[in-house]
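[1] predicted structure and sequence below. I'll ask about it afterward.
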Amino acid sequence: SVLERTRESALLRALGLQRRQLRGMLTVEAVLLALVGAAVGVVVGVAFGGVGAASLARDTGMGALHLAVPVPQTLGVVAVAGLAGALASVLPARRAALATPIEALADR
């Protein structure tokens, strides 16, 4: 995504955005994207887990099963996803920040 928006980054730099600010903006964007993805994954996972538990209880004739979602582990997974997003943005953000606006705008 960052590499595809080279012209946008170059335009922001040409308008006065500092390299550090561009790297920060791209890192925040990547972390937010990773956190939203993790949150959606948790919600969908809990929903499918509940459906699976209900199906298992019905098919085996067991009593009602209660789905337990361990909150500390779930928050840990979300935190790791945010960290992974931040780490994954380092090289593309660095490349975007180091490109001169003239070169990036001329690159087609």
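    Perfect, I can see it now.
[2] next structured bit after the helix ranked longest in the chain?
    Among the segments of the chain that qualify as a helix by DSSP state H, the longest is helix 19-60. Toward the C-terminus, helix 19-60 is succeeded by helix 71-98 as the next helix or strand (DSSP states H and E).
[3] looking at that next one now, give me its mean pLDDT.
    On average, the pLDDT along helix 71-98 is 93.
[4] mind listing what's buried in it?
    Within helix 71-98, the residues that count as buried by 16 or more other C-beta atoms under 10 Å are 78, 81-82, 85, 88-89, 92-93, 96-97. Any C-beta I mention is one placed from the backbone N, CA and C, and that applies to glycine too.
[5] most distant residue from the middle of this protein?
    What lies farthest from the middle of the chain is Gly61; by C-alpha atoms, centre = their mean that is 40.4 Å.
[6] before we move on, back to that, dump the buried residues of helix 71-98 to CSV, plus distance to Leu11.
    CSV is the format used below for the buried residues of helix 71-98 (distance: C-beta to C-beta, whole Å):
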residue, distance to Leu11
Val78, 33
Ala81, 30
Gly82, 28
Gly85, 24
Ala88, 24
Ser89, 19
Pro92, 17
Ala93, 16
Ala96, 12
Ala97, 14
